[in-house]
Every structure is written in structure tokens, then in C-alpha cells.
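1. what's the 3D shape of this:
(chains A and B)
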2 protein chains.
Amino acid sequence: MSSFLPPTLHLEAADVVQIVQRIGLSRCIAGIADRIERDFRRWPEFDKSARVACHSRDGVIELMPIADDREFAFKYVNGHPKNTQAGLPTVMAFGVLADVDTGAPRLLSELTLTTAIRTAAMSALAARALARPECRVMALIGNGAQSEFQAIAFRDLLGIRTVRVYDVDPSATAKLFANLAEQGIEVIVCRSAGEAAQGADIVTTVTADKVNATILTTDMVTAGMHVNAVGGDCPGKTELHADVLERAAVFVEYAPQTRIEGDIQQMAPDFPVTELWEVLSKKAPGRTSESQVTVFDSVGFALEDYSALTFIRDMAMELGIGRKIELVPALDNPKNLFGLLEARPAHAAIEAAIA
Amino acid sequence: MSSFLPPTLHLEAADVVQIVQRIGLSRCIAGIADRIERDFRRWPEFDKSARVACHSRDGVIELMPIADDREFAFKYVNGHPKNTQAGLPTVMAFGVLADVDTGAPRLLSELTLTTAIRTAAMSALAARALARPECRVMALIGNGAQSEFQAIAFRDLLGIRTVRVYDVDPSATAKLFANLAEQGIEVIVCRSAGEAAQGADIVTTVTADKVNATILTTDMVTAGMHVNAVGGDCPGKTELHADVLERAAVFVEYAPQTRIEGDIQQMAPDFPVTELWEVLSKKAPGRTSESQVTVFDSVGFALEDYSALTFIRDMAMELGIGRKIELVPALDNPKNLFGLLEARPAHAAIEAAIA
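-> The predicted structure is shown next:
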């Protein structure tokens, strides 16, 4: 076998769990937030496209490719709200890094856990750029698989001390409450989304239903509030009433994708938005007054996964976690693919002959 | 861990080699050709899109998704003609099958070898529908990694007994000659593409250069010939002179993709083509006379990979080949992703605490 082909590193779900445990969740969130910020600041260097979505009755499967001149990344991710009823996660994901020069795949990694971490890192990074300074109270509406990561990211990056939580499923809220017990965050369980929003500096919506829900109406939004809208992320799946968007300054990841998938799918195609990379690069202002309402209409963009994949890869290599797999064959002579079928033990050839 | 999440079967390159060896290459080609034919006949059932291509200086990386109402498939594939100079294959690929109902990934497989087999199966299947009956002689221009598979597929499915071979790289031709030595095919080495085409019933072009090459000109094309144009498969990468297309009946896999990537990228957007599924479904005629020139302008479509992936998956399961991997995490409570980080040995938590 040839030594020219570089190996593919494979990280299964348990490997990434181990990486996060050994580094610590807070340091992972901070590390991924740093990578995202750095990568967003070199936004023009990336070959970007809206993700490719395959919609079915109960959900969606998406491929999210992106590349700079060195690395190509993509994520596979689904969204199936009914999955939890069958004991399956709503969102499952994995991803790949490949060399742009040769096309050789270099990393294959789970991204289910990583997606939750990178989404929280992205949310907190956006809020740090857009929310008022000295936010301490956050409403957290939707207490499912991503909620703990959001709470911890906002604690770490913004200094959130209190979360006011609500979910239509009380057992999801109970789980969140238990998981945050030792995280130094005061958790106030609320009986409605409206109650959760009361007195909040930031409202995070992270619900799963694939419907045009109205989780947040304008009466719940107060002057100076920052809204981190995470759950409205596919056609027919929104969380904010259009009036909330009308009165706010709206920030997005990648406008061509968000206009299809985000809460702004409800608005006209020319509804004004600012891409977050412009704010992070100081090319556009973020919040312009204390009383302004800001909305981060987050849908999840491929660049965040690129950032997360490169971070996880570097940590895995540093910690010596993962195993090498032969995802593509190494060949003595790259033009002799056929030779693969011959260069094996004689008994295999005999088996083939008598089969 | 939950038992709800079905496992992902992983087939590395060596596993697929073993499958092909145990079943035999001929039976693999025939099996995949059958699947492709069956799947092309139910063409309207598939959610189709042109593949997503990321072009760079030396090559292209593509994602090719497709789904019916049960299975979602995608292939990752590159095309880097200069790779062979560095000891790497021009084309490397892997793919995934997932459940449309839940989004759970069920198969992750190498597709480098499989792509060569499915491309040859597709070519021979198209030729069986389009070429004159009783073809015996095929020109094979381009003697790289895919050439043996083309020769064997045409021997098996069309009864080709003689191949007239040519490549700008004589060592590629020598390799092909050696590999076909015991395959019951007469191999005639030619000094030019023109010489190879002389007396051929079918001309297969399977060259790799990412340029607008002119491998086949109209003086090389005789009445009744079938042209299997495999190598012109990306923008700026063609093999046929426009005049060859002008005088032929042209058949394609999926017109929206082929107009971007195929040899017909040279022609006007309304240049008449017939999609092959229509011929296979008897909705459109194939060849209409003995003297007609037919061209299959093949670029490779996601449905062929769907067919190949389902075939390889079924064979792997029958033969008990491959291993289960945890590409996405199994969760006791699907809403408690955070719990993954806690449900591990105490020493890991301690390591994290002191890190």
C-alpha cells in the first residue's frame, strides 16, 4: 500500500465526549467561539453557499459545504422534531474535513454534540457583539438538547447569572434544571414564554417544532432586549412574530441562506439585515443605542462547522484521541485501482472463482 | 445507552474490496447495473438536484445528495487530475445512506472502488439501450483507474470482445494491457485516439484532464457509432468536439446537471437531449436507425450512487462484512445531550477539573 495517501482520522461520538470532558466544556465553548470569530473575520476568503436541504414529511436532511483555499468542510445534519418520541435525538450530525489541494478526506467526526456546542458558542459570540453590556438575566425558551449549552455559553461569554426557563414539555425543563444545578446559574422555572421573558436582558428561543410557531410576540419584547432566535431554521419553521422583526435591528449569519430558512422568511426579500461577519470585522455597526432591540436570526451556517471541526481535530491530535481509518484506498499505482482486487490472499481469489 | 438508535455500518476500502472479491467483479457490475436500471425506471420518485461543486485551482470537490421517500444518499467525491503525479488517485469517494424518516445515518462506505464499478455499469447499461446490437469492438481512450472496469462491463453486458486502447501515458496503457490479460478480451494498443477509433462500434472516452480537450473529432466518428463520453464531467472539462454532438442523438443522465458539467456545456442551453431514464422507461426512443450516431454524455449522477450504495450495503449485510460505529451518540433521554458529558467514569471528570 502506498504511503502517499494521508490517513483519515475518525472521531466517534464517544471520542468527542472524551475530548470535551478532558478539555472542559467551558474551554471548548471558548475555543470554538474564538475560532468562529477568527473565521468570520476572514469571511471573504470562503467559498460559501446556502446548504442543500432535502425535506420530507417529518423532517429535513441537510448538507452544509464550505471551503477556503486549504480546507473543505461539510456537515451532514438532520432535523426531525418527532424523533424524541421514538427515543432518538431531534438533531444528529457528523462532518468531514478534506484537503482542497488533493480532495483527500482527513477527518470524519461526529458532530451531534459538537453542533450543540458550536451553536451555543455562535449565539454567545453574536450576543457579545449585539447585546447591551452587563446583561445578567436570560430567558431560555425551549429546554431541549441544546438548552444547557446555551446557558453555559452565555454564563461564560456574557456573564449571565440567571436563566428564566420555559418549555411546553415540563420534563425537559426538569432535566435542564437538574443539569444546571451545579453550574453557578440561578434557574427560575416559568409557566409560560411570556413569564420567562419578563425582566430578561436576553431572550433565547431554541424550540424544535417544524411549524410557524409564535414563541415570541412584540408585547414580550422590551426596549434594549437582545433576542437570540435559534430554533427558527428551516422553511415553515419560525419562532418570532413578524412584528418583533419589524421593530428590531436584525443580524444574520449568511443572508442568502437565512432568507430561506430563518425567521426573516416571513419578511419581504429586501427586508434589511446585517451579516454578523460585518459587525465582527467592524465594517458595520452592531447595536446603535441602549434602547434598540437586536435580533440574531440564527439558522446555523457551514462556516461555524468548519470552525468547530478544525478545533475538534486539533484537540483530538493534541490529546491523541481517535483512530485512523481507510476511507479511501491507498494505491501503489494510483492509476491501478483495478489492482486492488488482485493484490489479496490467494484464498479470496479462489472463493471468488467458486462463488 | 439507548437501544433506539440504529447502528451505522462502516465499510472501509478493504471491506468493499473483500465484497467485490467474494461476489466477483462481474456479478457486482451486473448487480449494480440492475439496481441502476430499476431505480432509473422510478425516476420521478426521487428528490433530485444538481450536485454541489467546490472548484479550486487543481480540482473539484463535490457533494451529490438524492433521496426517495425511504432513503437519503449522498456521495463525497473529488476530481484532481494532478493527484496521480503525487501518488494519489484522481478520484476518491465515500458515501452515506440515511433513513429519511428519522435522519439516522445507517451506512458509511468507501466509494472510490465502487464509483469505478458503478460508472462502468452505468456506461454499459446506457450502451445496451443505445448502441447497435452486436457491437464487438470498443475503442477505450484514457487507460487510467476506470478503464479496466469499463472494458469488463462492456464485455459482460454488450459482448465486446476487442478493445482498441490509447492513452497519452504509455505506462497507463501497459497497466491496462496487463490487467486485461486474463479477461478474455483482445487488447489492441494504438498510437493515437484516431487509430483506436478505427473500426470501433463503440468509443469510450475516459480521460482525466481538467481542460476543454478534443479527444474525439467528427472525422473519427463513423455512422452507427455509439460514443460513451465519461471523462467530460465538470465545467471546463470536455472531451468531444462540438461537431460530434451536433451530428448525434445525445442522451444524458439528469439534464440540469449535464448542461453545467457535461460535454454539452459547449452547446446552447436548449440543445436537444434525452434523459436516459425516459429511454429505460420506454417513454422516449433510444437509437432510431442503424446509421445514427448516439452519444451518452455521462457525468455521473447521484442516483447511480444511491443504487450502488444500496447494493453494497445489502451485500455487506449478507456476507457479514463491516463494523458498527457510533457516528451519532445514543442517548438514554434524547433531550439530554448534556448528560453525555456527565455519564462517564469519575476520573475523566477529575481530569477535566484539574485541566
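
2. is it true that residue A:73 touches residue A:47?
-> No: with contacts counted by CB atoms under 8 Å, residue A:73 stays clear of residue A:47, the gap being 10.8 Å. From N, CA and C alone the C-beta is placed, and that goes for glycine too.

3. between these two, what contacts are shared?
-> A:66, A:67 (CB atoms under 8 Å, 6 or more residues apart in numbering or on different chains).

4. Give me the more crowded residue out of these two.
-> Shown here are residue A:73 and residue A:47; by other CB atoms under 10 Å in any protein chain shown, residue A:73 has more neighbours (24 against 17).

5. Not counting its neighbours along the chain, what's nearest the more buried one?
-> By the measure of CB to CB, 6 or more residues apart in numbering or on different chains, the closest residue to residue A:73 outside its immediate chain neighbours is residue A:306, 4.1 Å from it.

6. what's the answer for residue A:278, then?
-> Residue A:278 sits nearest to residue A:284 (CB to CB, 6+ apart), 3.7 Å away.

7. Please report the number of neighbouring residues for the one you found.
-> 13.

8. would you list every one of the helices in chain A?
-> Taking DSSP state H as the test, the helices found in chain A are A:13-23, A:25-41, A:112-130, A:147-158, A:170-179, A:193-197, A:242-246, A:255-261, A:276-280, A:302-319, A:346-354.

9. would you turn these into JSON lines with mean neighbour count?
-> Listed next are the helices of chain A as JSON lines, based on neighbours: other CB atoms under 10 Å in any protein chain shown:
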{"stretch": "helix A:13-23", "mean neighbour count": "21"}
{"stretch": "helix A:25-41", "mean neighbour count": "20"}
{"stretch": "helix A:112-130", "mean neighbour count": "25"}
{"stretch": "helix A:147-158", "mean neighbour count": "25"}
{"stretch": "helix A:170-179", "mean neighbour count": "18"}
{"stretch": "helix A:193-197", "mean neighbour count": "21"}
{"stretch": "helix A:242-246", "mean neighbour count": "18"}
{"stretch": "helix A:255-261", "mean neighbour count": "19"}
{"stretch": "helix A:276-280", "mean neighbour count": "21"}
{"stretch": "helix A:302-319", "mean neighbour count": "22"}
{"stretch": "helix A:346-354", "mean neighbour count": "11"}
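
10. neighbours of the closest residue to residue A:212 other than its chain neighbours, just the number please.
-> Residue nearest to residue A:212 in three dimensions, not counting chain neighbours: residue A:238, with 4.9 Å by CB to CB, 6+ apart. Residue A:238: 26 surrounding residues under other CB under 10 Å.

11. For residue A:238, give me its contacts.
-> Residue A:238 neighbours (CB under 8 Å, 6+ apart): A:212, A:213, A:232, A:262, A:263, A:265, A:266.

12. ok, now with 7 Å
-> By CB atoms under 7 Å, 6 or more residues apart in numbering or on different chains, the residues touching residue A:238 are A:212, A:213, A:232, A:263, A:265, A:266.

13. from the residues you listed, which is closest to residue A:87?
-> Closest approach to residue A:87 among the contacts of residue A:238 (CB to CB): residue A:213, at 23.7 Å.

14. Hmm, the closest one is touching residue A:239, no?
-> Yes: counting by CB atoms under 7 Å, residue A:213 does reach residue A:239; the two are 5.7 Å apart.

15. of these two, who's got more company?
-> Applying other CB under 10 Å to residue A:213 and residue A:239 shows that residue A:239 carries more neighbours, namely 27 against 19.

16. Contacts only, for the more buried one.
-> A:205, A:207, A:213, A:215, A:216, A:229, A:231, A:232, A:263.

17. Any figure for the gap between it and residue A:265?
-> Residue A:239 is 11 Å from residue A:265, where distance means CB to CB, to the nearest Å.

18. do residue A:206 as well
-> In terms of CB to CB, residue A:206 sits 18 Å off from residue A:265.

19. Kindly report the same for residue A:325.
-> Distance, residue A:325 to residue A:265, using CB to CB: 39 Å.

20. Enumerate every residue touching residue A:6.
-> By CB under 7 Å, 6+ apart, the neighbours of residue A:6 are A:104, A:106.

21. Could you pull up the contacting residues of the spatially closest residue to residue A:128 that is not a sequence neighbour?
-> Using CB to CB, 6+ apart and skipping residues adjacent in sequence, the residue nearest residue A:128 is residue A:157, 5.5 Å away. Residue A:157 sits next to A:33, A:124, A:125, A:128 when contact means CB under 7 Å, 6+ apart.

22. what pLDDT does the last one get?
-> Here the pLDDT value assigned to residue A:128 is 97.

23. okay, now residue A:270: neighbour count?
-> Residue A:270: 7 neighbours (other CB under 10 Å).

24. cool, residue A:81 as well?
-> Using other CB under 10 Å, residue A:81 has 18 neighbouring residues.

25. Quick check: it vs chain B, distance?
-> According to CB to the nearest CB, to the nearest Å, residue A:81 and chain B sit 11 Å apart.

26. isn't that residue right up against residue A:209?
-> Yes: assessed by CB under 7 Å, residue A:81 is found in contact with residue A:209 at 5.4 Å.

27. what domains does the record give for chain A?
-> What automatic domain parsing lists as the domains of chain A is A:8-113+A:304-341, A:131-300.

28. measure the longest one end to end?
-> Which is domain A:131-300. Across its full length, domain A:131-300 reaches 19 Å between end residues, using CA to CA, to the nearest Å.

29. ditto for stretch A:85-98
-> 36 Å.

30. That one: which residues count as buried?
-> A:88, A:89, A:90, A:91, A:92, A:93, A:94, A:95, A:96, A:97, A:98 (16 or more other CB atoms under 10 Å in any protein chain shown).

31. Identify, from the residues you listed, the entry nearest to residue A:258.
-> residue A:91 (18.2 Å).

32. Now stretch A:41-51: buried residues?
-> Going by 16+ other CB under 10 Å, stretch A:41-51 has these buried residues: A:43, A:46, A:47, A:48, A:49, A:50, A:51.

33. show me which of these neighbour chain B.
-> A:47, A:49 (CB under 7 Å from any CB of the partner chain).

34. So which bits of the stretch 101-250 of chain A are right by chain B?
-> Going by CB under 7 Å from any CB, the residues of the stretch 101-250 of chain A near chain B are A:101-105, A:110, A:112-113, A:116, A:144-145, A:148-149, A:172, A:175, A:179.

35. For chain A, give me the ranges with low pLDDT.
-> The model of chain A has pLDDT under 70 over residues A:1-3, A:210, A:343-355.

36. what about dumping the CA coordinates of stretch A:264-281 to CSV?
-> What follows is stretch A:264-281, C-alpha atoms only, in CSV (Å, rounded to 0.1, in the frame of the first residue of the first chain):
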residue,chain,number,x,y,z
ILE,A,264,-37.0,36.5,8.2
GLN,A,265,-38.5,34.0,5.7
GLN,A,266,-41.7,35.8,6.9
MET,A,267,-40.4,39.2,5.6
ALA,A,268,-40.0,40.7,2.1
PRO,A,269,-36.9,39.6,0.2
ASP,A,270,-35.4,43.1,0.7
PHE,A,271,-36.0,43.2,4.5
PRO,A,272,-32.9,44.9,5.8
VAL,A,273,-30.4,42.7,7.7
THR,A,274,-26.8,42.9,8.6
GLU,A,275,-24.4,39.9,8.2
LEU,A,276,-22.7,39.3,11.5
TRP,A,277,-19.2,39.0,10.0
GLU,A,278,-19.5,42.7,9.1
VAL,A,279,-20.0,43.6,12.7
LEU,A,280,-17.2,41.3,13.9
SER,A,281,-14.9,42.9,11.3
